[in-house]
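J.: Build me a model:
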Amino acid sequence: MIRVIFIPKVTRSWIRGSLMKRWPAILLVAVLITGCASSRHSLWRGVFQEEIQEAKRQIQIGQSRQAIDELSMLLEIDPDNLEALFLRASAYQRFEEFHLAILDYQHSLKKDPDFEKAHFNLGMIYAFKLRDREKGLAHLDQFLSLNPDHPAAFAAAKAMRWLDQETEAAEIETSFEKVESIPDESQKRILLEKWIEKHPDSARGHYLLATVLLTNHEEEKALQEYKMTVRLSPTFAEAHRSLGQLLLKRKKEEGRIHLKKAALFAPHETAGSIDRSDSSF
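T.: Residues are numbered from 1 along each chain as shown. The predicted model follows:
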(Lines give C-alpha, C1' and ligand atoms only; values in the text may rest on other atoms or scores of the structure.)
Protein backbone atom coordinates (compact mmCIF):
# COMPACT_ATOMS: atom_id res chain seq x y z
CA MET A 1 0.00 0.00 0.00
CA ILE A 2 1.25 3.50 -0.85
CA ARG A 3 1.12 6.03 1.95
CA VAL A 4 1.68 9.75 1.38
CA ILE A 5 3.69 11.34 4.17
CA PHE A 6 2.40 14.64 5.46
CA ILE A 7 5.15 17.23 5.81
CA PRO A 8 4.41 19.84 8.54
CA LYS A 9 4.02 23.32 7.12
CA VAL A 10 6.73 24.84 9.31
CA THR A 11 9.33 22.46 7.87
CA ARG A 12 8.54 22.78 4.17
CA SER A 13 10.93 25.65 3.45
CA TRP A 14 13.70 23.84 5.28
CA ILE A 15 13.07 20.68 3.29
CA ARG A 16 13.03 22.59 0.00
CA GLY A 17 16.36 24.16 0.87
CA SER A 18 18.05 21.09 2.29
CA LEU A 19 16.73 17.62 1.68
CA MET A 20 14.85 18.11 -1.59
CA LYS A 21 18.12 18.75 -3.37
CA ARG A 22 19.06 15.15 -2.68
CA TRP A 23 15.91 13.10 -2.37
CA PRO A 24 12.89 14.98 -3.73
CA ALA A 25 10.99 11.84 -4.56
CA ILE A 26 11.61 10.27 -1.15
CA LEU A 27 10.43 13.31 0.76
CA LEU A 28 7.38 14.12 -1.32
CA VAL A 29 6.01 10.59 -1.66
CA ALA A 30 7.49 7.67 0.33
CA VAL A 31 6.50 4.13 -0.46
CA LEU A 32 6.04 2.33 2.86
CA ILE A 33 4.68 -1.06 3.82
CA THR A 34 1.53 -0.54 5.90
CA GLY A 35 2.15 -0.99 9.62
CA CYS A 36 5.89 -1.51 9.22
CA ALA A 37 7.26 1.06 11.65
CA SER A 38 10.83 -0.24 11.40
CA SER A 39 10.88 0.42 7.64
CA ARG A 40 9.60 3.91 8.16
CA HIS A 41 12.18 4.64 10.86
CA SER A 42 15.09 3.23 8.88
CA LEU A 43 14.04 5.36 5.90
CA TRP A 44 14.17 8.55 7.96
CA ARG A 45 17.48 7.57 9.58
CA GLY A 46 19.10 7.24 6.20
CA VAL A 47 17.65 10.49 4.89
CA PHE A 48 18.74 12.56 7.88
CA GLN A 49 22.31 11.35 8.41
CA GLU A 50 23.80 14.29 6.56
CA GLU A 51 21.70 16.73 8.62
CA ILE A 52 22.80 15.02 11.84
CA GLN A 53 26.46 15.34 10.90
CA GLU A 54 26.00 18.99 9.98
CA ALA A 55 24.35 19.66 13.35
CA LYS A 56 27.31 18.05 15.12
CA ARG A 57 29.68 20.28 13.16
CA GLN A 58 27.67 23.40 14.03
CA ILE A 59 27.74 22.57 17.73
CA GLN A 60 31.49 21.94 17.64
CA ILE A 61 32.21 25.33 16.04
CA GLY A 62 29.90 27.23 18.38
CA GLN A 63 26.84 27.57 16.17
CA SER A 64 24.61 25.79 18.64
CA ARG A 65 21.57 28.03 18.09
CA GLN A 66 21.55 27.26 14.38
CA ALA A 67 21.94 23.57 15.19
CA ILE A 68 18.94 23.76 17.54
CA ASP A 69 16.79 25.27 14.78
CA GLU A 70 17.82 22.62 12.25
CA LEU A 71 17.38 19.76 14.70
CA SER A 72 13.98 21.05 15.81
CA MET A 73 12.73 20.96 12.23
CA LEU A 74 14.18 17.49 11.76
CA LEU A 75 12.44 16.28 14.92
CA GLU A 76 9.09 17.53 13.64
CA ILE A 77 9.34 14.87 10.95
CA ASP A 78 11.08 12.19 13.02
CA PRO A 79 10.27 12.98 16.70
CA ASP A 80 11.88 9.81 18.06
CA ASN A 81 15.26 10.28 16.41
CA LEU A 82 17.56 9.54 19.37
CA GLU A 83 20.65 11.12 17.87
CA ALA A 84 18.80 14.34 17.02
CA LEU A 85 17.23 14.46 20.50
CA PHE A 86 20.61 14.03 22.15
CA LEU A 87 22.30 16.64 19.99
CA ARG A 88 19.56 19.21 20.59
CA ALA A 89 19.71 18.51 24.34
CA SER A 90 23.49 19.02 24.26
CA ALA A 91 23.03 22.32 22.45
CA TYR A 92 20.42 23.48 24.96
CA GLN A 93 22.82 22.49 27.74
CA ARG A 94 25.53 24.71 26.26
CA PHE A 95 23.11 27.65 26.40
CA GLU A 96 22.22 26.70 30.00
CA GLU A 97 18.63 26.11 28.95
CA PHE A 98 18.54 23.18 31.30
CA HIS A 99 14.79 22.66 31.41
CA LEU A 100 14.69 22.13 27.65
CA ALA A 101 17.81 19.95 27.73
CA ILE A 102 16.27 17.75 30.43
CA LEU A 103 13.09 17.28 28.40
CA ASP A 104 15.08 16.03 25.40
CA TYR A 105 17.29 13.77 27.49
CA GLN A 106 14.24 12.32 29.24
CA HIS A 107 12.50 11.75 25.89
CA SER A 108 15.55 9.90 24.62
CA LEU A 109 15.63 7.72 27.77
CA LYS A 110 11.99 6.78 27.27
CA LYS A 111 13.00 5.39 23.89
CA ASP A 112 16.24 3.85 25.14
CA PRO A 113 16.53 3.51 28.95
CA ASP A 114 20.15 2.36 28.54
CA PHE A 115 21.29 5.48 26.69
CA GLU A 116 24.56 6.00 28.61
CA LYS A 117 25.39 9.52 27.45
CA ALA A 118 21.92 10.82 28.32
CA HIS A 119 22.27 9.46 31.87
CA PHE A 120 25.71 11.06 32.23
CA ASN A 121 24.64 14.50 31.01
CA LEU A 122 21.45 14.47 33.08
CA GLY A 123 23.48 13.48 36.13
CA MET A 124 25.87 16.38 35.61
CA ILE A 125 23.03 18.87 35.10
CA TYR A 126 21.29 17.76 38.28
CA ALA A 127 24.56 17.61 40.22
CA PHE A 128 26.19 20.92 39.35
CA LYS A 129 23.48 23.13 37.83
CA LEU A 130 20.26 22.27 39.63
CA ARG A 131 21.84 20.93 42.85
CA ASP A 132 19.47 17.96 42.97
CA ARG A 133 21.49 15.34 44.86
CA GLU A 134 19.03 12.48 44.51
CA LYS A 135 18.52 12.77 40.75
CA GLY A 136 22.18 13.49 40.10
CA LEU A 137 23.26 10.37 41.97
CA ALA A 138 20.56 8.25 40.31
CA HIS A 139 21.57 9.10 36.73
CA LEU A 140 25.32 8.94 37.33
CA ASP A 141 24.95 5.64 39.15
CA GLN A 142 22.93 4.24 36.24
CA PHE A 143 25.63 5.46 33.86
CA LEU A 144 28.27 3.53 35.82
CA SER A 145 26.01 0.47 36.06
CA LEU A 146 25.65 0.43 32.29
CA ASN A 147 29.33 0.92 31.53
CA PRO A 148 31.81 1.11 34.45
CA ASP A 149 34.69 0.95 31.97
CA HIS A 150 33.62 4.06 30.05
CA PRO A 151 36.34 6.74 29.74
CA ALA A 152 34.05 9.13 31.64
CA ALA A 153 33.50 6.68 34.52
CA PHE A 154 36.19 8.33 36.65
CA ALA A 155 34.58 11.77 36.21
CA ALA A 156 31.18 10.33 37.11
CA ALA A 157 32.62 8.69 40.22
CA LYS A 158 34.21 11.95 41.39
CA ALA A 159 30.95 13.81 40.87
CA MET A 160 29.07 11.16 42.81
CA ARG A 161 31.50 11.28 45.72
CA TRP A 162 31.09 15.04 45.82
CA LEU A 163 27.30 14.64 45.92
CA ASP A 164 27.37 11.80 48.40
CA GLN A 165 29.58 13.37 51.05
CA GLU A 166 29.24 11.97 54.53
CA THR A 167 26.25 13.57 56.22
CA GLU A 168 26.18 11.75 59.55
CA ALA A 169 27.38 13.93 62.40
CA ALA A 170 30.65 13.31 64.22
CA GLU A 171 28.88 12.17 67.40
CA ILE A 172 26.97 9.55 65.38
CA GLU A 173 30.24 8.25 63.92
CA THR A 174 31.56 7.98 67.48
CA SER A 175 28.53 5.85 68.39
CA PHE A 176 29.30 3.51 65.50
CA GLU A 177 32.88 3.18 66.66
CA LYS A 178 31.62 2.08 70.07
CA VAL A 179 29.29 -0.46 68.47
CA GLU A 180 32.09 -1.86 66.31
CA SER A 181 34.26 -2.37 69.40
CA ILE A 182 31.68 -4.66 71.06
CA PRO A 183 33.00 -8.24 70.88
CA ASP A 184 29.60 -9.92 71.29
CA GLU A 185 28.10 -10.17 67.78
CA SER A 186 24.55 -10.79 69.03
CA GLN A 187 24.64 -7.68 71.21
CA LYS A 188 26.12 -5.69 68.34
CA ARG A 189 23.29 -6.85 66.09
CA ILE A 190 20.62 -5.81 68.59
CA LEU A 191 22.13 -2.33 68.96
CA LEU A 192 22.40 -1.87 65.19
CA GLU A 193 18.82 -3.01 64.56
CA LYS A 194 17.59 -0.53 67.17
CA TRP A 195 19.71 2.18 65.56
CA ILE A 196 18.29 1.47 62.10
CA GLU A 197 14.78 1.45 63.47
CA LYS A 198 15.33 5.06 64.61
CA HIS A 199 17.52 6.05 61.65
CA PRO A 200 16.34 4.01 58.61
CA ASP A 201 18.35 6.20 56.19
CA SER A 202 21.69 5.55 57.89
CA ALA A 203 23.86 3.92 55.22
CA ARG A 204 26.61 3.25 57.79
CA GLY A 205 24.14 1.49 60.07
CA HIS A 206 22.93 -0.81 57.31
CA TYR A 207 26.50 -1.58 56.28
CA LEU A 208 27.58 -2.55 59.81
CA LEU A 209 24.48 -4.69 60.25
CA ALA A 210 25.24 -6.45 56.95
CA THR A 211 28.75 -7.19 58.21
CA VAL A 212 27.38 -8.72 61.41
CA LEU A 213 24.86 -10.80 59.47
CA LEU A 214 27.59 -12.05 57.16
CA THR A 215 29.69 -13.07 60.15
CA ASN A 216 26.70 -15.07 61.38
CA HIS A 217 26.43 -16.74 57.94
CA GLU A 218 23.10 -15.06 57.17
CA GLU A 219 24.07 -14.27 53.60
CA GLU A 220 20.62 -13.48 52.22
CA LYS A 221 19.90 -10.89 54.92
CA ALA A 222 23.41 -9.48 54.57
CA LEU A 223 22.88 -9.16 50.82
CA GLN A 224 19.73 -7.11 51.34
CA GLU A 225 21.47 -4.83 53.85
CA TYR A 226 24.39 -4.23 51.49
CA LYS A 227 21.92 -3.39 48.72
CA MET A 228 20.17 -0.95 51.04
CA THR A 229 23.53 0.61 51.90
CA VAL A 230 24.44 1.40 48.28
CA ARG A 231 20.91 2.57 47.60
CA LEU A 232 21.22 5.12 50.40
CA SER A 233 24.85 5.96 49.64
CA PRO A 234 25.73 5.05 46.03
CA THR A 235 29.44 5.79 46.55
CA PHE A 236 29.95 3.55 49.60
CA ALA A 237 33.01 1.73 48.25
CA GLU A 238 33.25 -0.93 51.00
CA ALA A 239 29.57 -1.85 50.57
CA HIS A 240 30.00 -2.20 46.80
CA ARG A 241 33.02 -4.43 47.36
CA SER A 242 31.24 -6.70 49.84
CA LEU A 243 28.10 -6.80 47.72
CA GLY A 244 30.11 -7.61 44.61
CA GLN A 245 31.92 -10.47 46.32
CA LEU A 246 28.66 -11.94 47.60
CA LEU A 247 27.01 -11.73 44.20
CA LEU A 248 29.98 -13.32 42.44
CA LYS A 249 29.92 -16.09 45.01
CA ARG A 250 26.35 -16.69 43.81
CA LYS A 251 27.56 -16.56 40.21
CA LYS A 252 25.77 -13.27 39.55
CA GLU A 253 27.62 -11.25 36.92
CA GLU A 254 26.32 -7.95 38.33
CA GLY A 255 28.84 -8.54 41.09
CA ARG A 256 31.58 -7.41 38.70
CA ILE A 257 29.82 -4.07 38.26
CA HIS A 258 29.85 -3.51 42.03
CA LEU A 259 33.53 -4.42 42.29
CA LYS A 260 34.35 -1.92 39.55
CA LYS A 261 32.30 0.73 41.36
CA ALA A 262 34.16 -0.08 44.56
CA ALA A 263 37.43 0.65 42.77
CA LEU A 264 36.08 3.87 41.27
CA PHE A 265 34.73 5.13 44.59
CA ALA A 266 37.77 4.24 46.68
CA PRO A 267 39.06 7.52 48.21
CA HIS A 268 42.57 7.22 46.71
CA GLU A 269 41.05 6.64 43.26
CA THR A 270 38.71 9.62 43.19
CA ALA A 271 40.77 12.15 45.13
CA GLY A 272 41.25 15.54 43.57
CA SER A 273 39.14 18.43 42.43
CA ILE A 274 36.22 18.06 40.08
CA ASP A 275 36.56 19.60 36.65
CA ARG A 276 33.10 21.03 35.92
CA SER A 277 34.12 22.68 32.68
CA ASP A 278 33.70 19.42 30.79
CA SER A 279 30.54 18.02 32.33
CA SER A 280 28.81 16.67 29.24
CA PHE A 281 29.43 14.60 26.13
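J.: shaky segments in the stretch 1-150 of the chain?
T.: The stretch 1-150 of the chain contains residues with pLDDT under 70 at 1-47.
J.: Could I get the full set of helices for it?
T.: According to DSSP state H, counting those that start in this stretch, the stretch 1-150 of the chain carries its helices in the segments 12-17, 24-28, 37-60, 64-77, 82-94, 98-111, 116-124, 133-146.
J.: same question, the stretch 151-281 of the chain
T.: Under DSSP H, counting those that start in this stretch, the stretch 151-281 of the chain gives helices at 153-163, 170-180, 185-198, 203-215, 219-232, 237-249, 254-265, 267-270.
J.: what residues are up against the residue lying closest to residue 258 once chain neighbours are set aside?
T.: Spatial nearest neighbour of residue 258, chain neighbours left out: residue 244 (3.4 Å); criterion: CB to CB, 6 or more residues apart in numbering. All C-beta spots, glycine's among them, are computed from the backbone N, C-alpha and C. For residue 244, the contacting residues are 255, 256, 257, 258, 259, 261, 262, by CB atoms under 8 Å, 6 or more residues apart in numbering.
J.: Report the separation between the fifth one and residue 218.
T.: Put plainly, it is residue 259. 22 Å (CB to CB, to the nearest Å).
J.: So between those two, which is more surrounded?
T.: Using other CB atoms under 10 Å as the criterion, residue 259 and residue 218 rank with residue 259 on top: 19 against 15.
J.: how close does the spatially most central residue of the chain get to residue 248?
T.: With distances taken as CA atoms, centre = their mean, residue 119 lies nearest the centre of the chain, 2.6 Å away. From residue 119 across to residue 248, the span is 25 Å (CB to CB).
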